[in-house]
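Novice: Structure of the sequence below:
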Amino acid sequence: MPPPSRTAAPWPAAWRSRVDVAAETDWRRLLERDDVHLVDICTPGDRHAEIAVAALRAGKHVLCEKLLANSVAEAEAMVAAAETARARGRLATVGFHYRRTPAVALARRMIRNGRIGTLRHVRASYLQDWLVDPEAPLTWRLRREQAGSGALGDLGAHLVDLAQYLAGERLAGVSAVTGTFVRERPRPTGGRGTVTVDDAALFTGRFPSGVLVSFEAGRVAAGRKNALRIEFNGAHGSLAFDLEGLNELAFHDRTEPADAVGFRRILVTEPGHPYLEAWWPPGHGLGYEHAFVHQARDLVHAIAAGAEPAPFFADGLQVQRVLAAVEDSAAKDCTYTSVPCS
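Specialist: Numbers count the residues shown, from 1 in each chain. This is a model prediction of the structure:
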């Protein structure tokens, strides 16, 4: 759709003249509308459970952005509502969109196909720096009652999901430390308020198979804007993904001759790579936003086919249980803490 001219009506009016656009200021009224079939929940975490359960009961399909909820109890209620709605043909999924990055999807395929052999070790980190400045404002993401947790839930949840999704296992237990370095910040409305979530979290974990996993999540890593990296080490090789090179995958095959062995770059832009059949010619990279396009595409196709869209609400609940175990461990001086099974 071409943009309106500088003298044309404002953007919303121009859109309304070309497409069917409407707005509601109360989400409850949205659920009453017969022309709304799918609800995408993008609110702070403290509203997720209430809206998701109501939307499913109202007969809507639901995409809930991660984190699924602010507590295990809320997430359990959401899973129960999703299971009931599934019997009526209504579907629910949680938005761990990094799964839909082509290089990540290719890594999963390669691991499943045995390209790096028996998995031994996983290391994952997700670092940002938007809270380095002690005068950065006290937004909702820094309030436990709204966000649930800090870097742990905001960034660490992605790492937990990716590690489990690519490895094909769920964490059995964790040992953790967390820290808050700036205890008070200016309120947007004036004065100062208390930060009630973590700035950083470090934890180790173990899969039931014995694979060791390490995680680091932080929002005070100066110079790191959106630095997500995850690496898998196996008996026959390694795979590494770095979000700052999101069209690439690093692959090491240790079965090759020693005089030629080393990491090599796979440029994930070929039509045979996941999701790439619908995009540009080889060598033309995709961007951050395309993972959300793939998420929407997969969800719409699942609804049309009546198939359960992954990741399920149950996957979101399991991540919630891992994060709860991390917080319990950190509160008990790094005590190894088991993650409850579903």
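
Novice: Spell out the secondary structure type for F232.
Specialist: Look at F232: counting by DSSP: H, G, I helix; E, B strand; the rest coil, its state is strand.

Novice: Now do it: how many residues are near it, please.
Specialist: Per other C-beta atoms under 10 Å, the neighbour tally for F232 reads 25. Yep, even glycine has a C-beta here, placed from its N, CA and C like the rest.

Novice: Look up how far V322 lies from it.
Specialist: From F232 across to V322, the span is 18 Å (C-beta to C-beta, to the nearest Å).

Novice: ditto for D35
Specialist: Distance of D35 to V322, computed by C-beta to C-beta: 38 Å.

Novice: more neighbours, the two?
Specialist: Neighbours were counted for D35 and for V322 using other C-beta under 10 Å; V322 has more, 27 against 6.

Novice: Point out the other helices and strands that the helix or strand hosting that one packs with.
Specialist: In the assignment (DSSP states H and E), V322 maps to helix 313-331. Here helix 313-331 touches helix 72-86, strand 92-95, helix 157-167, strand 173-179, strand 200-206, strand 337-338, going by 3 or more C-beta pairs under 8 Å, 6 or more residues apart in numbering; DSSP states H and E.

Novice: Give me the phi and psi for G285.
Specialist: The phi and psi torsions at G285 (degrees, to the nearest 10) take the values phi -70, psi 160.

Novice: Then R264?
Specialist: Backbone torsions of R264, given as degrees, to the nearest 10, read phi -130, psi 150.

Novice: show me what contacts the closest residue in space to it that isn't next to it in sequence?
Specialist: Spatial nearest neighbour of R264, chain neighbours left out: F251 (5.8 Å); criterion: C-beta to C-beta, 6 or more residues apart in numbering. By C-beta atoms under 8 Å, 6 or more residues apart in numbering, F251 lies in contact with 110, 115, 237-239, 263-264, 266.

Novice: in a strand, that's where F251 is, yeah?
Specialist: Yes: using three-state DSSP, the secondary structure at F251 is a strand.

Novice: Please tell me how far it sits from E231.
Specialist: Separation of F251 from E231 (C-beta to C-beta): 11 Å.

Novice: which residues do these two both contact?
Specialist: Counting by C-beta under 8 Å, 6+ apart, the contacts common to F251 and E231 are 238-239.

Novice: Can you give me the domain boundaries for the chain?
Specialist: Domains of the chain are assigned by automatic domain parsing as 11-97, 98-337.

Novice: what's the least confident stretch among those?
Specialist: Lowest mean pLDDT within the domains of the chain: domain 11-97, at a mean of 92.

Novice: and G245, how many neighbours?
Specialist: For G245, the count of nearby residues is 16 (other C-beta under 10 Å).

Novice: From S125, how far off is it?
Specialist: Remark: distance between G245 and S125 (C-beta to C-beta) = 15 Å.

Novice: can you check V220 too?
Specialist: Plainly put, V220 is 13 Å away from S125 if you go by C-beta to C-beta.

Novice: Surely G223 is in contact with E244?
Specialist: No: G223 is beyond contact range of E244, at 11.8 Å (criterion: C-beta atoms under 8 Å).

Novice: More neighbours: the two, which one.
Specialist: Using other C-beta under 10 Å as the criterion, G223 and E244 rank with E244 on top: 11 against 8.
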